[in-house]
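Asker: Provide a 3D model corresponding to the input given below.
(chains A and B)
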Number of protein chains: 2
Amino acid sequence: MSSDCKMIIFIGDGMGGRPVESLGGKTTIEAANTPNLDAVAAGGESGYLHPAGYGIPVGSDTSHMAILGYDPFTFYRGRGPFEAKGVGIDVLPGDLAFRCNFSTLEGNVVTDRRAGRISSGTDQLAAAVREGLKDGIDGVEVIFKESVEHRAALVLRGENLDHRIGEVDPHVEGVDYWECVPLPEAADDPNAIRTAKIVNEFVARAHEILDAHPVNQDRKAKGLPPANAALPRGVGTAVDLEAFEAKYGLTGAMIVEVDLVRGLGAYLSMDVIHVDDATGGADTDEMAIAKAVVDAWADHDFILVNIKAPDLGGHDGDAAAKIASIEKVDRAVGYLLEALDWSRTTMMIAADHCTPCSMMDHSGDGIPIAVIGYGVRPDGVTEYGERACAGGSVGHITGPDVMRMLASYAGRAHKFGA
Amino acid sequence: MSSDCKMIIFIGDGMGGRPVESLGGKTTIEAANTPNLDAVAAGGESGYLHPAGYGIPVGSDTSHMAILGYDPFTFYRGRGPFEAKGVGIDVLPGDLAFRCNFSTLEGNVVTDRRAGRISSGTDQLAAAVREGLKDGIDGVEVIFKESVEHRAALVLRGENLDHRIGEVDPHVEGVDYWECVPLPEAADDPNAIRTAKIVNEFVARAHEILDAHPVNQDRKAKGLPPANAALPRGVGTAVDLEAFEAKYGLTGAMIVEVDLVRGLGAYLSMDVIHVDDATGGADTDEMAIAKAVVDAWADHDFILVNIKAPDLGGHDGDAAAKIASIEKVDRAVGYLLEALDWSRTTMMIAADHCTPCSMMDHSGDGIPIAVIGYGVRPDGVTEYGERACAGGSVGHITGPDVMRMLASYAGRAHKFGA
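Answerer: From the prediction side, this is the model:
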């Protein structure tokens, strides 16, 4: 109980996968050169994680909730509030929060859902939308803010808003964007009907403002797809989560790249640490992230790290890109193996979900995990990967087991009984 | 999810077992020649299934419910309604449904619980019982229908019937059949007392009718045990189960041999497919069953198959018979391995429970499972069996995991979160 052992969960986002034919049936983890991840397995205990239970494909939001011990079946209210909180917008009870993409429209057709992954100028675009809609829509306040690249968050604040409404972003390109309509179960509900109208009005007016904006005139002149629309999706309402430190008695830090997870950290009142050059893309500076972990180690009991890039390779079905990103994770882990005091650290390597290149989306497959450091009983597994970890001594665990198990390794769990 | 991958659960009824001394400590699966089951394990992922949880010996009814994701602890109402539905009798709210055996009585002693596994004439016997009891008993309608071999179903329909009554079938031979009495907790309940009386009257009058029937006179003349009694057991009430297709969004077929499971399929509004020469016995035509699976594959998303024979060998304590039946399962599986499009199929091999020859009844032992086809990550297990599957990457799963896991392999699971 008096232990001051630190606990780290190091997540390669979407890192797990399925056999890839062009890799001779290996998964991308198995095919990647990962001496450091293998060293974790060899020096520790391995197993499988099913964050929300066997066979349930989780999102990054629900998975990180589950891994941190917050039951997503009970507490999840949609991705919107995490996205909003991730860019610093507080989502209050009664608010509706949405993830938005800056997208390219030709007429009503979405020709690029990410506006060429626009990388600059979205702050000016968002400011223009805010200015144009500063008087609100039908008495509802409009809060809109850019995130990284093509990402943004929208919060609607007013009376009688109803979350039972559909998406606007059609999730594929080459089709019209969707008109927001009430969900079938709320088709006749006046609040849902009005809310959908407000969302549609937001989309129409934002499109008008954005299409005329100098940033987009400039993009068009350069032959780049204009970010002339902001398409909402993933509506959610305010969440009520106990702060991490109150729940566990541990000071906690989060070093993560995407606002979706950063927003969760903010909700949990964890220290959400910014790292310059952590881009969330394949070009991210994994060593800067690793150094930030070492810094945070000094004054936090618990650190959650997430490197996003492997997930992108999976979604793109690009095995080579996914392998390169997994090797970035490996190098960051290697830095920690050198730099940290392992007599006072327990670390779990995991993914939040599998994103097999063959599916180009999340799967419900078991996630390989490996735990090294203080308290472990090395189990003879010598490699980190989908097949190798299945034989480890941890067996199969789910979300609620993770924090309990880590605290136990670290000697920081509370005895139940006498 | 846009996958059109088909899902199959192939069950060898009671196929799991325990070491058999005369087999040098091998189980019947381990001793059987099963190249095709082994090929499933070698090409897929293995593990253990505990349908209703560790150490709970399940029946075929509760197990199939659990495997299909219908919690038997919540929804099970006794075997009677499944038996009745399996022979086409609808069980309505307020009805009591029973499984019956045609048995042989000498005086009150049950000399053969299955009347020599009578294989013909039970349709005439059942018709005679219906005719004799067409005016009902004490205002209660009597619905009685034969199933295969010695099996039959009884439904009582009327006011104020109470299910809290005991069995009539004594479950062993050489003893008197049991008088139906209220269960201890309903000993003073007038409805339970009356219901037990009605059951006793059914047994007495059916015995009278059956003993005098020409079919039985003929059997006696031939030295065969007469089917001169119908002994009820397994009382149950109407069940309320969400249809399979509504629950999963999958079209489902059931190709099974016993009415108990067929009745469950009917309750779930699955296509319960009849196969000529699927006898439910050791003489069943397993290739006809396999061909029916291939036919059903074309126009169903999901198929549950059950071959009954291995369970019979277990109940009889006949290891050689059980091995022969397991080899039938193996041949049927082999046909599917040849005939189906495995780029669009995920299949799990399982048993619904273990029926060790040493116990001659169901045990709560873990059931070996193996999953092959779309989405799996072959785990290095090369053999299907109790010991081999324990080392596989699936680990230990329970009923609620099965459908979720299969849907995940098949790419048909819905993402929870973003």
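
Asker: On the pLDDT front, check the residue of the stretch 1-150 of chain A found nearest chain B for me.
Answerer: In the stretch 1-150 of chain A, the residue that lies nearest chain B is A:Gly59 (2.6 Å; Cβ to the nearest Cβ). Yep, even glycine has a C-beta here, placed from its N, CA and C like the rest. Predicted confidence (pLDDT) at A:Gly59: the value is 97.

Asker: what's near enough to touch it?
Answerer: Counting by Cβ atoms under 8 Å, 6 or more residues apart in numbering or on different chains, A:Gly59 touches A:79, A:353, A:362, B:415-418.

Asker: what do you get for A:Ser147?
Answerer: Counted by Cβ under 8 Å, 6+ apart, A:Ser147 has contacts A:83, A:86-87, A:153, A:259.

Asker: circling back to that earlier point, which one (most neighbours) among the contacts of A:Gly59?
Answerer: Among the contacts of A:Gly59, A:His353 has the most neighbours (other Cβ atoms under 10 Å in any protein chain shown), with 32 neighbours.

Asker: that's a strand at A:Ala253, yeah?
Answerer: Yes - counting by DSSP: H, G, I helix; E, B strand; the rest coil, A:Ala253 is located in a strand.

Asker: what's near enough to touch it?
Answerer: A:Ala253 touches A:270-273, A:296, A:300, A:302-304, counting by Cβ under 8 Å, 6+ apart.

Asker: So which of those residues sit within helices?
Answerer: Of the contacts of A:Ala253, the ones assigned to helices by DSSP state H are A:Ala296.

Asker: Generate a PyMOL selection restricted to the buried subset of the contacts of A:Ala253.
Answerer: Buried residues among the contacts of A:Ala253 (16 or more other Cβ atoms under 10 Å in any protein chain shown), as a PyMOL selection:
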select buried, chain A and resi 270+271+272+273+296+300+302+303+304
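
Asker: Pick the one among the contacts of A:Ala253 closest to B:Gly366.
Answerer: A:Leu304 (34.8 Å; Cβ to Cβ).

Asker: gap between the closest one and A:Asp13?
Answerer: 12 Å (Cβ to Cβ, to the nearest Å).

Asker: what do you get for A:Leu68?
Answerer: On the measure of Cβ to Cβ, A:Leu68 and A:Asp13 end up 15 Å apart.

Asker: Quick check: A:Asp218 vs A:Arg117, distance?
Answerer: 17 Å.

Asker: With A:Gly364 instead?
Answerer: 28 Å.

Asker: between those two, which one's more packed in?
Answerer: A:Gly364 (28 against 14).

Asker: ok, the spatially closest residue to that one that is not a sequence neighbour - how many residues close by?
Answerer: Distances taken as Cβ to Cβ, 6 or more residues apart in numbering or on different chains place B:Ser408 nearest to A:Gly364, at 3.1 Å, with adjacent residues excluded. Residues lying near B:Ser408 (other Cβ under 10 Å) number 27.

Asker: What helix or strand is B:Ser408 located in?
Answerer: helix B:399-409 (DSSP states H and E).

Asker: And that helix, how far out from the chain middle?
Answerer: In terms of Cα atoms, centre = their mean, to the nearest Å, the centre of helix B:399-409 is found 21 Å from the chain centre.

Asker: and it, what does it pack onto?
Answerer: Applying 3 or more Cβ pairs under 8 Å, 6 or more residues apart in numbering or on different chains; DSSP states H and E, one finds that helix B:399-409 contacts strand B:6-12, helix B:60-67, strand B:345-350, strand B:367-373.

Asker: Let's see that with 6 Å instead.
Answerer: Under the contact criterion of 3 or more Cβ pairs under 6 Å, 6 or more residues apart in numbering or on different chains; DSSP states H and E, helix B:399-409 touches helix B:60-67.

Asker: before we move on, back to that, A:Ile9 versus the residue of the stretch 1-150 of chain A closest to chain B, what's the distance?
Answerer: 17 Å.

Asker: Tell me which stretches of the stretch 1-150 of chain A form strands.
Answerer: Along the stretch 1-150 of chain A, the stretches classed as strands by DSSP state E, counting those that start in this stretch are A:6-12, A:45-50, A:96-106, A:109-112, A:141-146.

Asker: could you dump these to TSV with mean neighbour count?
Answerer: Below are those laid out as TSV (neighbours: other Cβ atoms under 10 Å in any protein chain shown):
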stretch	mean neighbour count
strand A:6-12	26
strand A:45-50	26
strand A:96-106	26
strand A:109-112	18
strand A:141-146	21
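
Asker: Can you tell me, leaving aside adjacent residues, what's nearest to A:Gly12?
Answerer: A:Val329 (4.2 Å).

Asker: picking up where we left off before, widest-spaced pair of the contacts of A:Gly59?
Answerer: A:Arg79 and A:His353 (14.2 Å).

Asker: Assign the residue of the stretch 201-350 of chain A found nearest chain B to helix, strand or coil.
Answerer: Proximity of the stretch 201-350 of chain A to chain B (Cβ to the nearest Cβ) peaks at A:Gly234, 5.4 Å away. Assigned state for A:Gly234: strand (three-state reduction, three-state DSSP).

Asker: Can you report phi and psi for A:Pro190?
Answerer: When read as degrees, to the nearest 10, the backbone of A:Pro190 gives phi -60, psi -30.
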